[in-house]
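Student: Coordinates for the following, if possible.
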Amino acid sequence: MLFDGTGAEYEAKIAAASSDGVTVSILKRIASNSESPISITVAQGFLKEKKMDDLIRALTELGITRWVPFFAERSVPRPSGHRLSARADRWQTIAREALKQCRRSRLPEIVVAGSMDDVITLSAESELKVAFWEKAVDSIPVSFNRKSGSSGSHVFILLGPEGGFSDAEIQVATAAGFKVVSLGPRILRAETATIAACSLIQYLLGDLGLDRDGITLSP
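Tutor: This is a model prediction of the structure:
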């Protein structure tokens, strides 16, 4: 089985193999069923070094469509120039490896944004925008499910760095149409919060909480 990273899978037969490589014959193209029915963008305030590597691996496995690392007010690491480009290349490599491991067919797009303003611009066309914040009072309501949008809906998730978002950043997000919600009464590590948020959105709107007929599973 082969994939091209853009959503297609192929059944192939090995025609020749040598130390220089492998030649295959494509037998047929197969429609992939491993992609989420919704498009998920995760905008993440920069975390410390290795945490970002671990996150792109986990988020690729969880089925996100686009990852947007950005410099929040409280982001400690602020790589720039060649170093930032090298990090982005490494994330692409990690995402590609994760894609093979979890049998996805589409490689997530990685867009490195400069600031919160850039993130707000990128979120403009999204149908549903959610910011997770430890100071938020409201949680995602039970009625928040796939009925909120079509199967092709685009969800934009916003999460902060280790120190969280500032009040000013949350005001900017709210003004841009983000629903600000909590992940519960416990203070989660930044990387834990991101994985939990993505899993929750996939359960409520994507394919983690649905059976093969697209019906929500009962507890």
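Student: got any ranges where this protein has weak pLDDT?
Tutor: 4-7, 141-152, 210-219 (pLDDT under 70).
Student: in it, which spans are strands?
Tutor: All strands of the chain, identified by DSSP state E, fall at 2-3, 8-18, 21-31, 39-45, 66-70, 109-110, 128-132, 154-159, 179-181.
Student: Can you lay out those strands as JSON lines showing mean neighbour count and distance to Arg96?
Tutor: Quick note: C-beta positions are derived from backbone N, CA and C, even for glycine. Converted to JSON lines, the strands of the chain look like this (neighbours: other Cβ atoms under 10 Å; distance: least, Cβ to Cβ, whole Å):
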{"stretch": "strand 2-3", "mean neighbour count": "16", "distance to Arg96": "10"}
{"stretch": "strand 8-18", "mean neighbour count": "12", "distance to Arg96": "15"}
{"stretch": "strand 21-31", "mean neighbour count": "10", "distance to Arg96": "18"}
{"stretch": "strand 39-45", "mean neighbour count": "24", "distance to Arg96": "17"}
{"stretch": "strand 66-70", "mean neighbour count": "21", "distance to Arg96": "13"}
{"stretch": "strand 109-110", "mean neighbour count": "16", "distance to Arg96": "11"}
{"stretch": "strand 128-132", "mean neighbour count": "22", "distance to Arg96": "27"}
{"stretch": "strand 154-159", "mean neighbour count": "25", "distance to Arg96": "22"}
{"stretch": "strand 179-181", "mean neighbour count": "18", "distance to Arg96": "32"}
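Student: Go through the protein and flag its longest helix.
Tutor: helix 81-102 (DSSP state H).
Student: Go through that one and flag the buried ones.
Tutor: For helix 81-102, a neighbour-count test (16 or more other Cβ atoms under 10 Å) marks 84, 87, 91, 94-95, 98-99 as buried.
Student: I'd like to know which elements that helix is packed against.
Tutor: helix 49-61, strand 66-70, strand 109-110 (3 or more Cβ pairs under 8 Å, 6 or more residues apart in numbering; DSSP states H and E).
Student: The residue most central in space within the chain - nearest residue in space that isn't next to it in sequence?
Tutor: Nearest to the geometric centre of the chain sits Ile64, at 3.4 Å (Cα atoms, centre = their mean). Among residues not flanking Ile64 along the chain, Ile40 sits closest, at 4.6 Å (Cβ to Cβ, 6 or more residues apart in numbering).
Student: Since that was my last question, I'll sign off now.
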